[in-house]
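Student: coordinates for the following, if possible.
(one chain, ligands or ions: 1)
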Amino acid sequence: MFPKTDKIWMDGKFVNWDDAKVHVLTHSLHYGLAVFEGIRCYNTEQGPAVFRLKDHIERLFKSAHIFTLKIPFTEEEIFEAVKETIRVNKINSCYIRPIVFVGYGNMGVYPKNNPIQVAIAVWSWGAYLGEEGLQKGIRVKTSSFIRNHVNSNLSRGKVAGYYVNSQLAKIEAISCGYDEAVLLDTEGYVSEGSGENIFIVRKGILKTTPLTSILEGITRDTVLTIAKDLSIETKEERFTRDELYISDEAFFTGTAAEITPIREVDDRTIGIGSRGPITEKIQNLFFDIVKGKNSKYQRWLDFV
Ligand SMILES: Cc1[nH+]cc(COP(=O)(O)O)c(CN[C@@H](CCC(=O)O)C(=O)O)c1O
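Tutor: Modelled structure (predicted):
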């Protein structure tokens, strides 16, 4: 069980962690229509700072817009509520989970007039795919499940219900002895991980899946930006699983996963079989940035 914190923000008020409850007939619990974010706050020399908070709140509201959920707060109110939740819980580094969900009221597929509720929780969450994974890389399986068609999953939105597809892939990968799954799209090209975007490096060129069936990752955008600043050529181009197999390096990106190297896919060693040099360079710069050690990227930090 991950560590509790004291307070959770619910619909504009702070409640104790153990009292942050909803009715068992809450609409989203049954039908999966809830939009959410995963955000990280890191401790820096100047105090706790949230990484790209504005971009995450913007995405939360865009997700709600796609699914016609009317959030009863402004972006600014949620932006401030995130920072207040970190302050109230007196925590210097944490994972932040805002969620917008369809509350208790009518049942049935059509969420008629049910209240739209918002909650924000924070908790301490270390390396999502393990400390060793961050250093040495993880083992990945190509899932037997594919990402949904772009007209089934509107993938610019981060929707709770979509994570049934991700759970199927992750459960299968773990039960087969791997650390994570990578999913293909409806045309058989590499899409993304169960909770991450994916990058490969071949002959010094960094490549990632274009914005098709994948979540438009904020960490993905961060990596594309810092790679260009490191004069690493980047491409947003579809690639197949066998190009992944023969890549020199590969890694996952995500708020929870951060930059996690991939050392093996479907029992094929990737490059040298551990974190590659370009991956390490990007990973080191990423962690310097989120910990406030590189003033060039200060724009991405919101101090609490
Ligand atoms: C499907 C998917 N694709 C890509 C990403 C990376 O997006 P970004 O965080 O903006 O770089 C995430 C985040 N996955 C979140 C949920 C993890 C969880 O288990 O819950 C996260 O990393 O917070 C995804 O869930």
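Student: show me which residues of the stretch 51-200 of the chain sit near the ligand.
Tutor: Of all the residues in the stretch 51-200 of the chain, those in contact range of the ligand (Cβ under 6 Å from any ligand atom) are 166, 192, 195-197. All C-beta atoms are positioned from the backbone trio N, CA, C, and that covers glycine.
Student: any chance of these in TSV, with secondary structure too?
Tutor: Rendered in TSV, the data for those read as follows (DSSP: H, G, I helix; E, B strand; the rest coil):
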residue	secondary structure
S166	helix
E192	strand
G195	coil
E196	coil
N197	strand
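Student: compare those and tell me which is most surrounded.
Tutor: In terms of neighbours by other Cβ atoms under 10 Å, these top out with E196 at 29 neighbours.
Student: the nearest residue to K228 once chain neighbours are set aside: neighbour count?
Tutor: Distance criterion Cβ to Cβ, 6 or more residues apart in numbering; nearest residue to K228, sequence neighbours excluded, is T234 at 6.2 Å. One way to gauge burial is a neighbour count; for T234, by other Cβ under 10 Å, it gives 16.
Student: for the stretch 201-304 of the chain, what spans make up the strands?
Tutor: Under the criterion DSSP state E, counting those that start in this stretch, the stretch 201-304 of the chain carries strands at the ranges 205-208, 234-236, 249-254, 258-265, 268-269, 301-303.
Student: among those strands, which is the most enclosed?
Tutor: When the strands of the stretch 201-304 of the chain are scored by mean count of other Cβ atoms under 10 Å, the highest mean neighbour count falls to strand 249-254 (a mean of 27).
Student: within the sheet, what are the partner strands of that strand, with directions?
Tutor: According to DSSP bridges, strand 249-254 has the following sheet partners: strand 197-202 (antiparallel), strand 258-265 (antiparallel).
Student: please save the CA atoms from the first one in PDB.
Tutor: Put plainly, it is strand 197-202. Taking Å, rounded to 0.1, in the frame of the first residue of the first chain, the C-alpha atoms of strand 197-202 are listed here in PDB:
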ATOM      1  CA  ASN A 197       5.500   6.800 -24.300                       C
ATOM      2  CA  ILE A 198       8.400   5.100 -26.000                       C
ATOM      3  CA  PHE A 199      11.700   6.300 -27.700                       C
ATOM      4  CA  ILE A 200      14.300   4.400 -29.700                       C
ATOM      5  CA  VAL A 201      17.800   5.400 -30.800                       C
ATOM      6  CA  ARG A 202      19.300   4.200 -34.000                       C
END
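Student: so what touches it?
Tutor: Residues external to strand 197-202 that are found in contact with it (Cβ atoms under 8 Å, 6 or more residues apart in numbering): 182, 190, 192, 206-209, 214-215, 217, 219-220, 223, 239, 243-244, 246-254, 262, 271, 276, 278-279.
Student: thank you kindly, that will do.
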